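Enquirer: how would this look folded up:
(chains A and B)
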Amino acid sequence: DAGVTQSPTHLIKTRGQQVTLRCSPISGHKSVSWYQQVLGQGPQFIFQYYEKEERGRGNFPDRFSARQFPNYSSELNVNALLLGDSALYLCASSSGDQAFFGQGTRLTVV
Amino acid sequence: RKEVEQDPGPFNVPEGATVAFNCTYSNSASQSFFWYRQDCRKEPKLLMSVYSSGNEDGRFTAQLNRASQYISLLIRDSKLSDSATYLCVVNELEYGNKLVFGAGTILRVKS
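Expert: Numbering: from 1, shown residues only, chains lettered A, B, ... in the order given. I've put the predicted structure just below:
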C-alpha cells in the first residue's frame, strides 16, 4: 500500500513568490493535516481538513491557505513568501487519532 | 509555557543501556498521546500510542499520567539504530485532529 505522498520533495523560491505543495493521503483516509517544521523544533500545526472541510487552523498568517479535493488529496498554498517560511512542510493522513506523515517538502526561500 | 515540553538532550548512551525520556503537556483536555521517532531530515514516524494503563512494544514502554500531565518512554537494551530524535505528541481533539509536538529529545547510542 502506498503511504502518504507529497510533491515536490524540494523547492527553492524567491521572497514574494507563491508556492503550492501537494499531498495524497493513504487510501481510505479522509483527513489530511499540514505541519511546518523549522530546524530544531517539532512540527507546528497549520491546517486540518476532513471531507473537504477545514476542521482546524493553527496560528499562521492568512498567507497560508489549503484545500482538500473530492479524492481527499490536498494542497497547501503560501503567498508572498518570506525567508522565515523556509522549512520542511509535512502532510499527515489520519484514520482515527493516529496520523502518518509523508516524506515532506523542503522549501527554501531565498 | 510551551504546550508540550521535553528535555532536548542529547542523551548519549552505550549500546545495551536503558534510557528514559519524559514529557509534560499543558492542556488537560488533551485526548490522546503518542511518541514519534524522527531521523535526521526525515519525516516523523509513529513509534507508539500511549495509554494510562501503560503499554509495551518490544523494547519500548510508554506511560501516561493524566493527573500529572506527564508522559514517559523507556527504551531497554538500546541499539545503534535507536539513535534518532524522539517527539512527544499530544492530540487536542477539541480542535479536530490537531497534533501538538514537543521539540524532541535527541538520543545517540554509541558502540
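
Enquirer: Next up, phi/psi of residue B:81, please.
Expert: Backbone torsions of residue B:81, given as degrees, to the nearest 10, read phi -70, psi -10.

Enquirer: okay, now it: neighbour count?
Expert: By other Cβ atoms under 10 Å in any protein chain shown, the residues close to residue B:81 number 8. In short, each C-beta sits where N, CA and C put it, glycine included.

Enquirer: again with residue A:7
Expert: Residue A:7: 14 neighbours (other Cβ under 10 Å).

Enquirer: Can you name the residues bridging to it?
Expert: residue A:22 (DSSP bridges).

Enquirer: List the residues that contact the residue sitting nearest the centre point of chain A.
Expert: Chain A has residue A:34 as the residue nearest its centroid, 3.5 Å off, counting by Cα atoms, centre = their mean. Contacts for residue A:34 (Cβ atoms under 8 Å, 6 or more residues apart in numbering or on different chains) come out as A:21, A:23, A:45-48, A:66, A:74, A:76, A:89-92.

Enquirer: cool, and residue B:98?
Expert: For residue B:98, the contact set (Cβ under 8 Å, 6+ apart) comprises A:33, A:45, A:48, A:56, A:58, B:91, B:92.

Enquirer: need these in TSV with pLDDT, secondary structure and distance to residue A:110, can you?
Expert: TSV is the format used below for the contacts of residue B:98 (pLDDT from 0 to 100; DSSP: H, G, I helix; E, B strand; the rest coil; distance: Cβ to Cβ, whole Å):
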residue	pLDDT	secondary structure	distance to residue A:110
A:33	96	strand	27
A:45	95	strand	26
A:48	94	strand	30
A:56	89	strand	31
A:58	93	coil	25
B:91	90	strand	35
B:92	82	coil	35
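
Enquirer: C-alpha coordinates for stretch A:11-29, PDB please?
Expert: Below are the C-alpha coordinates for stretch A:11-29, written out as PDB (Å, rounded to 0.1, in the frame of the first residue of the first chain):
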ATOM      1  CA  LEU A  11      11.700  23.500  -3.800                       C
ATOM      2  CA  ILE A  12      13.600  26.800  -3.900                       C
ATOM      3  CA  LYS A  13      11.600  30.000  -4.200                       C
ATOM      4  CA  THR A  14      12.300  33.700  -4.100                       C
ATOM      5  CA  ARG A  15      10.900  36.100  -1.500                       C
ATOM      6  CA  GLY A  16       7.500  37.400  -2.600                       C
ATOM      7  CA  GLN A  17       6.700  34.400  -4.700                       C
ATOM      8  CA  GLN A  18       3.800  31.900  -4.200                       C
ATOM      9  CA  VAL A  19       4.100  28.200  -3.700                       C
ATOM     10  CA  THR A  20       1.700  25.200  -3.900                       C
ATOM     11  CA  LEU A  21       2.500  22.000  -2.200                       C
ATOM     12  CA  ARG A  22       0.600  18.800  -2.800                       C
ATOM     13  CA  CYS A  23      -0.300  15.700  -0.700                       C
ATOM     14  CA  SER A  24      -2.100  12.400  -1.400                       C
ATOM     15  CA  PRO A  25      -3.200  10.600   1.700                       C
ATOM     16  CA  ILE A  26      -3.200   6.900   2.400                       C
ATOM     17  CA  SER A  27      -6.000   5.200   0.600                       C
ATOM     18  CA  GLY A  28      -9.200   5.200   2.700                       C
ATOM     19  CA  HIS A  29      -8.000   8.100   4.900                       C
END
